[in-house]
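Q: 3D model of this:
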Amino acid sequence: MFDVISGYFSSAKAIMIGLGAIFLGGYIAKQKYNAYQAETKLQNIETKIAKTNVIVAKKKATAKAQAVKVETTTEVEILRELKKEAKVVQKEMETIEKDIVVHTQKSEEKVTRKRHSKVKFSV
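A: Predicted coordinates:
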């Protein structure tokens with residue numbers, strides 16, 4: 001086998017250049033393989049990042065939707081409570097108005113005096 005190589009390469013210099021070319025070719029092939037592996041790892045990482053971003057976007061969207069739903073439900077609950085309170089306040093105002101009407105009628109009766117009495121002025 002060495003005879004074949006030495007026959008192909010006639011001098012030691014040519015043998016060294018051939019071995020150098022073989023090692024250099026092997027090194028380049030290894031670097032290309034490493035670059036290919038790095039590229040596939042990078043693509044996998046990019047894919048995972050994209051999937052994660054989609055998941056995060058979905059979670060944010062659902063959180064916003066739930067927040068809007070909570071806001072609307074709380075607004076509806078607040079409006080219902082305000083309506084109940086308005087009814088209670090209306091009833092209280094009616095009772096207070098009745099009390100005021102009764103009180104003013106009594107005070108009008110007290111204010112009425114006999115006007116036929118004589119008033120004397122002393123000088």
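
Q: what about residue 14, how many residues nearby?
A: 13 (other C-beta atoms under 10 Å). Where you see a C-beta, it was placed from the backbone N, CA and C, and this is true even at glycine.

Q: look up how far residue 63 lies from it.
A: To residue 63, residue 14 is 72 Å away according to C-beta to C-beta, to the nearest Å.

Q: which ones are touching residue 78?
A: Applying C-beta atoms under 8 Å, 6 or more residues apart in numbering to residue 78 gives no contacts.

Q: I'd like to know how far it sits from residue 60.
A: Counting by C-beta to C-beta, the gap from residue 78 to residue 60 is 26 Å.

Q: cool, residue 86 as well?
A: Distance, residue 86 to residue 60, using C-beta to C-beta: 38 Å.

Q: what ranges do the helices span in this protein?
A: 2-8, 12-111 (DSSP state H).

Q: format these as a markdown table; extra columns: mean pLDDT.
A: Shown next, in a markdown table, are the helices of the chain (pLDDT from 0 to 100):
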| stretch | mean pLDDT |
| --- | --- |
| helix 2-8 | 63 |
| helix 12-111 | 84 |
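
Q: figure out how far stretch 37-54 is from the centre of its chain.
A: Relative to its chain's centre, stretch 37-54 lies at 25 Å (C-alpha atoms, centre = their mean, to the nearest Å).

Q: residues making contact with that stretch?
A: Contacts of stretch 37-54 (C-beta under 8 Å, 6+ apart): none.

Q: list the buried residues in that stretch.
A: By 16 or more other C-beta atoms under 10 Å, stretch 37-54 has no buried positions at all.

Q: same check, this time on stretch 91-103
A: Across stretch 91-103, burial judged by 16+ other C-beta under 10 Å covers no residue at all.

Q: ok now it, how far from the chain's centre?
A: 50 Å.
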